[in-house]
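K.L.:
here is my input, please return the structure:
(one chain, ligands or ions: 1)
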Amino acid sequence: MGNLIFKEKIFVTRPLLPPLKEYQKKLEEIWDNQWLTNYGPLEHEFQTSLKNIFNAKNVELFSNGHTSLDLALKALDLEGEVITTPFTFASTTQAIIENNLKPVFADVDEEYYNINPENIESLITEDTCAIMPVHVFGNPCEVEKIERIAKEHDLKVIYDAAHAFGVKIGKNPIVKYGDMSMLSFHATKVLNTIEGGALIFDDDELSYKLKALKNFGITPDKEEVRFLGKNGKMNEFEAAMGLCNLNNLEHVIHERSLIYNHYLECLEDLEDAGDLKVIRPQRNVEYNYAYFTIKLNGIEERDYLMDKLAEYNVFAKKYFYPPCNEFPAYDFEKNTPIAKDISDSILSLPMYYGLSLEDVGQICEIIKLELKNYE
Ligand code: T4K
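P.N.:
Next comes the predicted model:
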């Protein structure tokens, strides 16, 4: 064990930081502009960059991903039930509840852990107004099938694409699917603005409403309070971080792919032996290598390995445990056995730009050793 202990803590992720000089340059612009927040020039520049990257009609920026999701639902004026996935971060479910909507949980698929379209239709009632799927770990949902179901039943689709910046299906940016897609730019994401989020959508009317909703409901043209809004604006320091991080992103995603593939190679034997399961990126998808997760054989083994890794200074995380329909704060039906099994057995391993391949190899050695000790 001794020689496998890391001298410094290895966390599940580390924020992507641009070269300090690049950020300082942007800070000088802020000092020159004397503009810190409320639709400043850097926010506008970042918004324009994203519109170009996605070839999108509308991109609105927000103070964080959760606020983006919350205001997306408000802007769509929804009432009733929203079919969603239980295998996600608390934010997805809570945005639904905050809007006085009822989350209805559809079980997920066993390969990519995303909402399984086969389970959606049977949950549709006359109260259903929308579907909110999540591209978990950046792996695309079955967007065509979801689109077909939504069309047939006249439902809105709001994708939680918090993990999916940079992901494409064929040549299409993933954020172009559905009525709206939400991106998170939290410090822990592939692209960060420290805190931040965005909505990507086509409908111009939504743009007007969202501008108001993120500014206390005050309409952008008439300065009237027409909606119940909140303060959800992205500031200039955050936009500056986004712009700097964008410059380096292609290289960063390439480096992440090397780390991901090294994990795959190092864990191949364990996978072949059925000791764990890994996710291989989907065919015809340009992936962003946002997370590297392993699925073990049950909760005891997962918790054992997570605790053991910590003894070696490796801090993996249980993304996502428990499933959202098991949060003690709510009393939801718990009839999603696949999500439960995944949630009980899942572990996210360190995955970030700057993690060396040597460190990946060492983490995998620890996993091999400790799973053997567990037997
Ligand atoms: N939908 C989905 C599917 C999401 O996953 C999320 C967020 C949202 C919606 C909402 O988006 P935001 O409103 O957050 O933009 C983290 C993030 O806080 C959260 O953004 C993210 N999902 C979630 C999956 O992960 P925690 O509780 O795991 O964060 P924390 O503080 O434990 O950070 C993880 C590790 O990262 C730490 O062990 C150390 C490292 N770290 C973290 C920060 C913040 C650093 O090294 N430096 C840092 O500055 O939730």
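K.L.:
the ligand contacts on the stretch 151-300 of the chain?
P.N.:
Contacts of the stretch 151-300 of the chain with the ligand, taken as Cβ under 6 Å from any ligand atom, map to 160, 162, 163, 184, 186, 187, 188, 197. Where C-beta positions appear, they are placed from N, C-alpha and C, glycine not excepted.
K.L.:
make it 5 Å
P.N.:
For the stretch 151-300 of the chain, the contact set with the ligand under Cβ under 5 Å from any ligand atom comprises 160, 162, 184, 186, 187, 188.
K.L.:
so which of those residues is the closest to residue 53?
P.N.:
Distance to residue 53, by Cβ to Cβ, is smallest for residue 184 among those, at 16.1 Å.
K.L.:
which residues does the closest one contact?
P.N.:
64, 65, 66, 68, 162, 163, 196, 197 (Cβ atoms under 8 Å, 6 or more residues apart in numbering).
K.L.:
could the residues you listed go into a markdown table alongside pLDDT and distance to residue 125?
P.N.:
Formatted as a markdown table, these follow (pLDDT from 0 to 100; distance: Cβ to Cβ, whole Å):
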| residue | pLDDT | distance to residue 125 |
| --- | --- | --- |
| 64 | 98 | 32 |
| 65 | 98 | 29 |
| 66 | 98 | 27 |
| 68 | 98 | 27 |
| 162 | 98 | 27 |
| 163 | 98 | 29 |
| 196 | 98 | 36 |
| 197 | 98 | 30 |
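K.L.:
and those residues, which of them are in strands?
P.N.:
residue 197 (DSSP state E).
K.L.:
now residue 102: phi and psi?
P.N.:
phi -100, psi 120 (degrees, to the nearest 10).
K.L.:
now, the contacts of residue 184 that are in helices?
P.N.:
65, 66, 68 (DSSP state H).
K.L.:
quick one, helices of this structure?
P.N.:
Secondary structure of the chain (DSSP H): helices located at 20-33, 41-54, 65-75, 90-98, 143-153, 204-213, 236-247, 249-272, 299-311, 337-345, 357-374.
K.L.:
let me have those in a markdown table, adding distance to residue 110 and mean neighbour count as columns.
P.N.:
Formatted as a markdown table, those follow (distance: least, Cβ to Cβ, whole Å; neighbours: other Cβ atoms under 10 Å):
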| stretch | distance to residue 110 | mean neighbour count |
| --- | --- | --- |
| helix 20-33 | 42 | 13 |
| helix 41-54 | 30 | 18 |
| helix 65-75 | 26 | 26 |
| helix 90-98 | 20 | 20 |
| helix 143-153 | 16 | 15 |
| helix 204-213 | 35 | 19 |
| helix 236-247 | 34 | 22 |
| helix 249-272 | 15 | 16 |
| helix 299-311 | 16 | 17 |
| helix 337-345 | 6 | 20 |
| helix 357-374 | 21 | 17 |
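K.L.:
so what's residue 125 up against?
P.N.:
The contact partners of residue 125, by Cβ under 8 Å, 6+ apart, come to residue 81.
K.L.:
compute the first-to-last residue distance for stretch 12-21.
P.N.:
For stretch 12-21, the first-to-last residue distance is 27 Å (Cα to Cα, to the nearest Å).
K.L.:
then stretch 113-126?
P.N.:
For stretch 113-126, the first-to-last residue distance is 27 Å (Cα to Cα).
K.L.:
from residue 308, how far off is the residue of the chain found nearest the ligand?
P.N.:
Closest contact between the chain and the ligand, by Cβ to the nearest ligand atom, is at residue 65 (2.7 Å). With distances taken as Cβ to Cβ, to the nearest Å, residue 65 is found 32 Å from residue 308.
K.L.:
just give the nearest non-adjacent residue to residue 18, would you?
P.N.:
Excluding its sequence neighbours, the residue lying closest to residue 18 (Cβ to Cβ, 6 or more residues apart in numbering) is residue 244, at 3.5 Å.
K.L.:
any idea of the pLDDT on that neighbour?
P.N.:
Here, the pLDDT recorded for residue 244 equals 98.
K.L.:
OK, contacts around it?
P.N.:
With Cβ under 8 Å, 6+ apart, residue 244 has these contacts: 18, 19, 22, 23, 26.
K.L.:
closest one to residue 112 out of those, please.
P.N.:
Nearest member of the contacts of residue 244 to residue 112, counting by Cβ to Cβ, is residue 18, at 31.1 Å.
K.L.:
was I right about the closest one contacting residue 241?
P.N.:
Yes. The pair residue 18 and residue 241 qualifies as a contact (Cβ atoms under 8 Å) at a distance of 7.2 Å.
K.L.:
quick revisit: nearest to residue 52, of the ones in helices among the contacts of residue 184?
P.N.:
Relative to residue 52, the closest of those is residue 68; by Cβ to Cβ it sits at 19.5 Å.
K.L.:
which residues touch that closest one?
P.N.:
Going by Cβ under 8 Å, 6+ apart, residue 68 touches 60, 62, 182, 183, 184, 197, 198, 199, 232.
K.L.:
pull out the buried members of those.
P.N.:
60, 62, 182, 183, 184, 197, 198, 199, 232 (16 or more other Cβ atoms under 10 Å).
K.L.:
now intersect the residues you listed with the strands, please.
P.N.:
Those of the buried ones among the contacts of residue 68 lying in strands (DSSP E): 60, 62, 182, 183, 184, 197, 198, 199.
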